[in-house]
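# Can you look at this prediction? I've put the sequence above it.
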Amino acid sequence: MRKKSLITLLLFSFSLSTFSQDLKARIKIDIERKIGEINNLLYGNFTEHLGRCIYGGIYDPSSSQANADGFRKDVIDATKNLGVSIVRWPGGNFSSGYHWMDGIGPKQNRPKRKDLAWGDTEPNIVGTDEFMKFATAANVEPYVCVNLGTGTWDEARNWVEYCNAPTGFYYSDLRAANGHPQPYHVKYWGLGNEIDGEWQMGHRNAEDYSKFALEAAKLMKWSDDSIKLIASGSSNYGDDWMNWNKTVLTNLHDVIDYISLHHYAGNHNKDHYRFMSSTLFVENVIKITEGLINQVRLQYKQQKPIYIAFDEYNVWYRAYTEQKLEEHYNMQDVLVVAMYLNTFLRHANIVKMANMAQLVNVIAPMMVTNDKLWLQTIYYPLQLFATNCKGYSIDALVQCDTYDEKDYKGIPYLDVSSSYNDKTQELIINVVNRNQEKSIQTAITNQFGRLDNKAKVYEINSKNLMDENSVNEQKVKAVEKEINIKGDDFDYVFPAHSFTMIKLKIKS
Ligand code: AHR
């Protein structure tokens, strides 16, 4: 009798604990299992002549924040604090109708043009020389996307000459006459934007684009053979995107250094778990494109590598042209942005550049409201990655519970990436807990040994996934704490719907 009641009690407490218990998981890290070197250009950004990104964003001479050149000091400071390495410019869709000669010389002589990409007026007050001033002030590498929509080969190669040639040629002398005798040495050049999309000015099929881009590339490289070229890859994930990338790689493999990919995620169906699976598609696009790169390089016995530049990514589904793309981000979006970055790190061998679209006001990590700068929720994951994840990306073993949704089965609740910097001996573990209700108790093992007993933890979370920041309130931000660790195995509980970065140190 006594025995029976004991068993009943045990069974009861077991069922109780399974209901109230955290989920359980395991992460094992071995710093010798390197995926690839993390290129700092993974922490790039993008500024387009669109809404209040350039005018009223990075540039506003009427602001109390303006520097002597009219650029906002607060935006420059927040860009530096974000750890931005490279900024793509002038678009985007805008670049496919942009004639760069409109934006140089005395400002009073520059034409106002109708911008057909966004149905706006382009005053041409910020042009090449101004953008270079911004890039210098913000300490970022400039990345110029040429117009291969309505533009010509001559415009493309003359732009390279204007930016990079020493004086003594027509366009470089123009640059000198405009106040900058020294070349800008712009290294990264995009061969057009999203030419695969019907919405693009000068949209072409893959064959026509590649032929046109090949000649532009040839002339641009003849103008400066040290430049790196980025082909316009897929942005439009209909039936044909793989063929687009294959054709572009086949025709341009000789001249390009990167193929660009674009992707935007959205919670259109208001379905948390579906939204949390968005980056699985991104992961597939990267893997397939890497396969195509390998196929083409093998076919042409090409030694020169071709990398992926993921030069537009973000959450974008609420604010379109009428709202000037001024998305307000919440806690749920933080998780997706962290998963984009986890995905790029997990493919750091092939993804060597990534640019969050965009920098300020327009689908951006920072906003300016009534002349005051404030940080959106998505600022924080990008900042944490950009300022901490350096060195090598590490292949983490993750075992955890999974869920199914419409397009994908067996989605792990934990999305994980890891990096190790052998200069600072910092080992980073980035974890998104996709689970909306449950925390996940995780046994973490550092296979290499010699773990320091102090670690830092940065967590981004909020009670409500819909919590946003505003000019008056920073509800969602990174919170830092220190933890003590004994030995090389420790447990950590990742709270429901959170992003956590654990910063460990390997002792020398
Ligand atoms: O970033 C906003 C727009 O999204 C870009 O102009 C275009 O390239 C993409 O479709």
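Happy to help now that I have it.

# what about the closest residue in space to L42 that isn't next to it in sequence, neighbour count?
The shortest distance from L42 to any non-neighbouring residue, by Cβ to Cβ, 6 or more residues apart in numbering, is to A354 (4.8 Å). For the C-beta atoms, the positions are set from N, CA and C on the backbone; glycine is no exception. Around A354 there are 27 other residues, counting by other Cβ atoms under 10 Å.

# tally of neighbours for D401?
Using other Cβ under 10 Å: D401 sits among 14 other residues.

# is it true that it touches I411?
No. Judged on Cβ atoms under 8 Å, D401 makes no contact with I411 at a distance of 9.9 Å.

# thinking again about what came up before, the helix or strand hosting the residue nearest to L42 near the ligand anywhere?
Assigned by DSSP states H and E, A354 falls within strand 351-357. Yes. Contact of strand 351-357 with the ligand (Cβ under 6 Å from any ligand atom) involves A357.

# Paired strands for that strand, with orientation please.
Sheet pairing for strand 351-357, assigned by DSSP bridges, gives strand 44-46 (parallel), strand 307-315 (parallel).

# which non-adjacent residue is nearest R175?
Y162 (5.2 Å).

# cool, L427 as well?
L504 (4.4 Å).

# Surely the one you found and Q425 touch.
No. At 9.2 Å, L504 and Q425 do not qualify as touching, with contact defined as Cβ under 8 Å.

# what about those two, which has more around it?
Counted by other Cβ under 10 Å, L504 and Q425 do not tie: L504 has more neighbours, with 25 against 16.

# my read is that one is in a helix, agree?
No. Under the criterion used here (DSSP: H, G, I helix; E, B strand; the rest coil), L504 is strand, not part of a helix.

# mind checking which helix or strand of the protein has the lowest mean pLDDT?
Across the helices and strands of the chain, mean pLDDT, DSSP states H and E gives its lowest value to helix 2-20, namely a mean of 43.

# So what's the model's average confidence on whichever helix or strand comes after that one?
Next along the chain after helix 2-20, taking DSSP H and E as the criterion, comes strand 23-29. Averaging pLDDT along strand 23-29 yields 97.

# before we move on, back to that, what lies in contact with the strand holding A354?
For strand 351-357, the external contacting residues (Cβ atoms under 8 Å, 6 or more residues apart in numbering) are 39, 41-46, 48, 86-88, 92, 143, 188, 230, 258, 262, 264, 286, 307-314, 316, 337, 340-341, 344, 363, 365, 378, 382.

# which of these are close to the ligand?
48, 92, 312.

# Count the residues that sit near the closest residue to the ligand within the chain.
Relative to the ligand, the nearest point of the chain is G92 (2.9 Å; Cβ to the nearest ligand atom). Counted with other Cβ under 10 Å, the neighbours of G92 add up to 27.

# same thing with F71?
There are 23 residues near F71, going by other Cβ under 10 Å.

# Then H203?
H203 - counted by other Cβ under 10 Å - has 16 other residues nearby.

# Now do the domain split for the protein, please.
As assigned by automatic domain parsing, the chain contains the domains 22-36+394-507, 39-388.

# Highest mean neighbour count out of those?
Highest mean neighbour count among those (mean count of other Cβ atoms under 10 Å): domain 39-388, with a mean of 20.

# So Y209 sits against L252, correct?
No. Judged on Cβ under 8 Å, Y209 makes no contact with L252 at a distance of 9.2 Å.

# For whichever helix in the chain runs longest, output the C-alpha coordinates as PDB.
As assigned by DSSP state H, the longest helix anywhere in the chain is helix 278-299. Output of helix 278-299 as PDB, limited to C-alpha atoms (Å, rounded to 0.1, in the frame of the first residue of the first chain):
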ATOM      1  CA  SER A 278      12.100  32.900 -42.700                       C
ATOM      2  CA  THR A 279      15.800  32.500 -42.600                       C
ATOM      3  CA  LEU A 280      15.600  28.800 -43.500                       C
ATOM      4  CA  PHE A 281      14.800  30.000 -47.000                       C
ATOM      5  CA  VAL A 282      17.800  32.400 -46.800                       C
ATOM      6  CA  GLU A 283      20.000  29.500 -45.800                       C
ATOM      7  CA  ASN A 284      18.900  27.500 -48.800                       C
ATOM      8  CA  VAL A 285      19.400  30.400 -51.200                       C
ATOM      9  CA  ILE A 286      23.000  30.700 -49.900                       C
ATOM     10  CA  LYS A 287      23.700  27.000 -50.100                       C
ATOM     11  CA  ILE A 288      22.300  26.700 -53.600                       C
ATOM     12  CA  THR A 289      24.200  29.800 -54.800                       C
ATOM     13  CA  GLU A 290      27.400  28.500 -53.300                       C
ATOM     14  CA  GLY A 291      26.800  25.200 -55.200                       C
ATOM     15  CA  LEU A 292      26.300  27.200 -58.400                       C
ATOM     16  CA  ILE A 293      29.500  29.100 -57.700                       C
ATOM     17  CA  ASN A 294      31.400  25.900 -57.200                       C
ATOM     18  CA  GLN A 295      29.900  24.400 -60.300                       C
ATOM     19  CA  VAL A 296      30.900  27.300 -62.500                       C
ATOM     20  CA  ARG A 297      34.400  27.600 -61.000                       C
ATOM     21  CA  LEU A 298      35.000  23.900 -61.600                       C
ATOM     22  CA  GLN A 299      33.700  24.100 -65.100                       C
END
